[in-house]
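Participant: could you look at this predicted model? Sequence included:
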Amino acid sequence: MISGAAQADVGVLVISARKGEFETGYERGGQTREHVQLAKTLGLSKLFVVVNKMDDPTVNWSKERYDEIESKMVPFLRSSGYNVKKDVQFLPISGLLGSNMKMRLDEHMPLLEWACLFEVLDAVEIPPRDPKGPFRMPIIDKFKDMGTVVMGKVESGTMRKGDSLLVMPNKFKMHGWHAQVKVLVIYCDEDKAIHAGPGENLQVKLSGIEEEDILSGFVLCSVAKPIPTVTEFTAQLLILELLDNAIFTAGYKAVLHIHSVVEECEIVELLQQIDPKTRNP
């Protein structure tokens, strides 16, 4: 879920309307609650909350049940940092029957105007991207296929066939410079491309590096403006919940997720506490 959400611009949170199933996901420690918090911290600012199984016998397209779910979710979404009026939209659907997915509802809940799922997805504004920025493509996977192939989504900049780039972090240095890789082939949706810009999901065949020297989370980046690599950094954290009996202090061990990086880390020092309302120390 984390690696998928880290590549997405918009989230679709699917909730079951069936009696008992929504409550299980919504209660403390439930998956609905967890996924909302993860989506927000991973940068998914826009969310479609899809209330599924509206056709279930325990629901039977009940507007009361739909309104109950929305009224419980709104305060939680707000407390998780979402601007509910601007960035969240609720939709009733039946995935089993395909109701309100491709075509608008007409026979169910007829007194209300519902947009269907595909409509709202097609109407989403594409977030601004920077095709002229420094090239950045976090690598989510790699494999061998007559050479070294890496996969990922371009976050910034533009890549062309024949470009020289860096894979960072990079353990190979020659004459004080990091060893460069060359772009041999770019595949976009399994079709060969000459160039690709931000927002594209790509497979890229590289020369100058072996597949075993690349890990998920490495970044393919520009030579002129390589991405910095660090072993320590200062972070601002929002603590959602801790394991039972755990104390968050120097020496606390955790797992860090950034785009496709999954890395064990340790808290070295707590610098200051920040008021979540004022954002001041």
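Facilitator: Great, that's in hand.
Participant: helices along this structure, start to end?
Facilitator: Assigned by DSSP state H, the chain shows helices spanning 2-6, 21-26, 31-41, 63-79, 84-87, 117-122.
Participant: can you put those helices in JSON lines and add mean pLDDT?
Facilitator: Output for these, formatted as JSON lines (pLDDT from 0 to 100):
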{"stretch": "helix 2-6", "mean pLDDT": "79"}
{"stretch": "helix 21-26", "mean pLDDT": "88"}
{"stretch": "helix 31-41", "mean pLDDT": "87"}
{"stretch": "helix 63-79", "mean pLDDT": "92"}
{"stretch": "helix 84-87", "mean pLDDT": "92"}
{"stretch": "helix 117-122", "mean pLDDT": "92"}
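Participant: mind checking which of these is nearest Ser99?
Facilitator: Among these, helix 117-122 comes nearest to Ser99, with 10.0 Å by CB to CB. Backbone N, C-alpha and C define where each C-beta goes, glycine included.
Participant: tell me how far the closest residue to Gln203 other than its chain neighbours lies from Leu105.
Facilitator: The shortest distance from Gln203 to any non-neighbouring residue, by CB to CB, 6 or more residues apart in numbering, is to Tyr187 (4.1 Å). Relative to Leu105, Tyr187 is positioned 39 Å away (CB to CB, to the nearest Å).
Participant: look at these two and report which has more neighbours.
Facilitator: A direct count of neighbours by other CB atoms under 10 Å for Tyr187 and Leu105 places Leu105 higher, at 21 against 16.
Participant: how close does that one sit to Gln89?
Facilitator: Going from Leu105 to Gln89 by CB to CB gives 15 Å.
Participant: next: Leu220.
Facilitator: 35 Å.
Participant: who has more neighbours out of the two?
Facilitator: Just comparing Leu220 and Gln89: by other CB under 10 Å the higher neighbour count belongs to Leu220, 26 against 16.
Participant: bridging residues for the more buried one?
Facilitator: Met137, Val167 (DSSP bridges).
Participant: wait, what's in contact with the spatially closest residue to Val59 that is not a sequence neighbour?
Facilitator: Leaving out its chain neighbours, the residue that sits closest to Val59 by CB to CB, 6+ apart is Ala17, at 4.6 Å. By CB atoms under 8 Å, 6 or more residues apart in numbering, the contact set of Ala17 is 51-54, 56, 59, 65-66, 69, 92.
Participant: likewise Leu13?
Facilitator: Leu13 makes contact with 32, 35-36, 39, 47-50, according to CB under 8 Å, 6+ apart.
Participant: out of the helices of the chain, flag the one nearest Lys144.
Facilitator: Nearest to Lys144, of all the helices of the chain, is helix 2-6, at 21.1 Å by CB to CB.
Participant: tally of neighbours for Tyr66?
Facilitator: 19.
Participant: and it, what does it touch?
Facilitator: With CB under 8 Å, 6+ apart, Tyr66 has these contacts: 17, 51, 54, 90, 92, 109.
Participant: surely the third one meets Ile93?
Facilitator: Yes: taking contacts as CB atoms under 8 Å, Met54 lies within contact range of Ile93: 6.5 Å.
Participant: quick one: which of those two has more around it?
Facilitator: Remark: of Met54 and Ile93, Met54 carries more neighbours, 28 against 22, as counted by other CB under 10 Å.
Participant: distance check, the residue nearest to Gly43 when sequence neighbours are not counted against Thr41.
Facilitator: Among residues not flanking Gly43 along the chain, Ala6 sits closest, at 7.7 Å (CB to CB, 6+ apart). For Ala6, the distance to Thr41 equals 10 Å [CB to CB].
Participant: can you pick out the residue with more neighbours from those two?
Facilitator: Between Ala6 and Thr41, counting by other CB under 10 Å, Ala6 is the more crowded of the two (19 against 16).
Participant: before we move on, back to that, and the contacts of Tyr66 as CSV, adding distance to Glu119 and pLDDT?
Facilitator: Compiled in CSV, the contacts of Tyr66 are given as follows (distance: CB to CB, whole Å; pLDDT from 0 to 100):
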residue, distance to Glu119, pLDDT
Ala17, 20, 94
Val51, 16, 94
Met54, 17, 92
Phe90, 14, 93
Pro92, 14, 92
Met109, 16, 67
